[in-house]
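Asks: I need the structure of the sequence given here:
(one chain, ligands or ions: 2)
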Amino acid sequence: MNILVTGGAGFIGSHTLIELYHAGHTAVVIDNLSNSNPVALRRAAELIGVPEIPFHQIDIRDRQALEQLFAHHTFDACIHFAGLKAVGESVAKPWEYYENNIGGTLTLLDVMRHHHCKNIIFSSSATVYGDPAEIPITENCPKGTCTNPYGWTKSMLEQVLMDIQKADPEWNVVLLRYFNPVGAHPSGRIGENPNGIPNNLMPYITQVAVGKRPELGVFGDDYDTPDGTGVRDYIHVCDLAAAHVAALQCFTAHSSQITAHSSQITNHKSLIYNIGTGHGYSVLDMVNAFTRVNGVSVPYRIQPRRAGDIATCYCDPAKAKAELGWEAKYGIDEMVRDSWNWQRQNPEGYPEP
Ligand code: NAD
Ligand code: UD1
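Replies: Ligands and ions are numbered 1, 2, ... in the order given. Predicted coordinates:
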């Protein structure tokens, strides 16, 4: 298939490009580079073994640019990563988050339907479950109350996509609810490159390990968890990338090419999958694994809980395995090894393009 990858220069997008090409697909990337660096695309092309990955610096809110793009390309599907994702920033700048993530997606969907491209995989998040009603979380778990505007953009866009699909059954919508992506390509050439102080645990750990920050703050040790620190379902970004390739079969399942794995998904056209490993690890599990595998110590200090955090969040990934034939291959050791490999080789992230 020829895939439009929005936000393809970002962390998850750049890793997904490699999996797409290795599976025999081609891709065209659009990204406004607001949170990414085109060097990631150059390095992804090197890893794939192609001279370059077609790229257009386009903002998904720019209707005219999207129209031009679709006038010159035929896409079988879109994998839609583009969006702003910093939780704290979304609390300070809600309008910017709703306008970029929701406004941008509405424009993208409108142009897609005008050009009869009605297959989309959307990057959703475990955040839509709020404080989950059940652990492990299945896709039947009701959505919850999000604690920040970023989370609401994901929850609202899920609704938008499902409503559009209901009104026009030609649409095929796949909502992938990612748990906590970490790790990097094993080569260490591409990885997560956060701006400023990292919000998320793993990039904070690697920046402490590389000496950029003095110590990790552990946000609370009095949760109802085995060691008192928060428990999450960390997933290696290469596994997450592979889940997108597996999800593409949802689009062929509706044609005559029904594969063994996809035979169960023929009757639904709005499909929701949890993408995690099904294992919960605490903050201290991650710190200890990092030190054990990499031989680098990570000084930490217990701090108060972070507002909006929950104690435990991990999924039941059985639906993705049963219907997509996808399951995570990498464990915690590969996650901490590859996160460190990337950070060690690129202490300042990507170089200026
Ligand atoms: P990222 O910031 O690295 O990638 C997102 C990309 O979108 C960036 O390259 C950015 O420049 C681009 N972008 C943002 N707004 C745009 C716009 N208006 N037009 C064009 N491009 C735009 O983030 P990521 O970690 O790769 O996440 C990808 C997607 O997955 C996002 O939608 C994110 O919300 C979602 N997600 C991420 C996580 C996570 O922990 N990383 C978890 C759950 C869901
Ligand atoms: C956060 C976001 C969530 C988003 C997800 C994407 C919040 C409330 N939630 O989830 O919306 O989809 O990232 O990856 O921000 N921790 C520390 N010290 C740190 C950083 C984190 O102890 O410096 C702890 C947290 O308290 C948590 C765990 O590490 O227990 C994971 O945190 P994080 O990586 O931020 O992910 P989430 O909180 O799961």
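Asks: in the stretch 151-300 of the chain, what residue is nearest ligand 1?
Replies: Among the residues of the stretch 151-300 of the chain, Tyr178 lies closest to ligand 1, at 3.9 Å counting by CB to the nearest ligand atom. C-beta coordinates here come from the backbone N, C-alpha and C atoms, glycine included.
Asks: mind listing what Ser90 touches?
Replies: Leu84, Tyr97, Asn148, Pro149, Tyr150, Gly151, Thr153 (CB atoms under 8 Å, 6 or more residues apart in numbering).
Asks: 7 Å instead, please
Replies: Each residue near Ser90 by CB atoms under 7 Å, 6 or more residues apart in numbering is listed here: Leu84, Tyr97, Asn148, Pro149, Tyr150.
Asks: That one belongs to a strand, doesn't it?
Replies: No - under DSSP: H, G, I helix; E, B strand; the rest coil, Ser90 falls outside any strand and is assigned helix.
Asks: Quick check: pLDDT value at it.
Replies: Turning to Ser90, the model gives it a pLDDT of 96.
Asks: Check the one 10 residues further on too.
Replies: In the prediction, the pLDDT value recorded for Asn100 is 98.
Asks: Same question for Ile258.
Replies: We have a pLDDT of 35 for Ile258.
Asks: now do the one 10 residues further on
Replies: Note for His268: predicted pLDDT of 51.
Asks: now the nearest residue to Thr153 once chain neighbours are set aside: how far from ligand 1?
Replies: Spatial nearest neighbour of Thr153, chain neighbours left out: Asn101 (3.8 Å); criterion: CB to CB, 6 or more residues apart in numbering. Separation of Asn101 from ligand 1 (CB to the nearest ligand atom, to the nearest Å) stands at 7 Å.
Asks: Same check on Gly103?
Replies: Relative to ligand 1, and taking CB to the nearest ligand atom, Gly103 is found at 8 Å.
Asks: residues contacting that residue?
Replies: So Gly103 contacts Arg61 (CB under 7 Å, 6+ apart).
Asks: How about Thr277?
Replies: Asp233, Ile235, Pro317, Ala328.
Asks: Looks like the residue of the stretch 151-300 of the chain closest to ligand 1 contacts Asp239 (just checking).
Replies: No - contact between Tyr178 and Asp239 fails when scored by CB atoms under 7 Å: they sit 10.5 Å apart.
Asks: Tell me how many other residues surround whichever residue of the chain sits closest to ligand 2.
Replies: Here the chain gets closest to ligand 2 at one residue, Gly230, 2.2 Å apart by CB to the nearest ligand atom. Using other CB atoms under 10 Å, Gly230 is surrounded by 24 other residues.
Asks: what does Val208 give?
Replies: Val208, neighbours per other CB under 10 Å, totals 23.
Asks: can you check Ser339 too?
Replies: Ser339: 28 neighbours (other CB under 10 Å).
Asks: Could you give me the buried positions within whichever helix or strand it is part of?
Replies: Using DSSP states H and E, Ser339 falls within helix 332-345. Residues of helix 332-345 classed as buried by neighbour count (16 or more other CB atoms under 10 Å): Ile332, Glu334, Met335, Val336, Arg337, Asp338, Ser339, Trp340, Asn341, Trp342, Gln343.
Asks: cool, and stretch 238-250?
Replies: The neighbour-count check on stretch 238-250 (16+ other CB under 10 Å) flags 238-250 as buried.
Asks: Show me the helices in the stretch 1-150 of the chain, by range?
Replies: Using DSSP state H, counting those that start in this stretch, the helices of the stretch 1-150 of the chain run over 11-22, 38-48, 63-72, 87-92, 94-97, 104-114, 149-167.
Asks: out of these, which comes closest to Ile79?
Replies: Closest to Ile79 of the helices of the stretch 1-150 of the chain, according to CB to CB: helix 11-22, at 6.5 Å.
Asks: That closest one vs ligand 2: in contact?
Replies: No - applying CB under 6 Å from any ligand atom, one finds helix 11-22 out of contact with ligand 2, separated by at least 9.9 Å.
Asks: check whether that helix contacts ligand 1.
Replies: Yes - against ligand 1, helix 11-22 shows contacts by CB under 6 Å from any ligand atom at Phe11, Ile12, Gly13.
Asks: Under the pLDDT cut-off, which ranges of the stretch 151-300 of the chain? List them.
Replies: 253-270 (pLDDT under 70).
Asks: Do a quick rundown of the helices in it.
Replies: Counting by DSSP H, counting those that start in this stretch, the helices of the stretch 151-300 of the chain are 201-209, 237-247, 249-252, 283-294.
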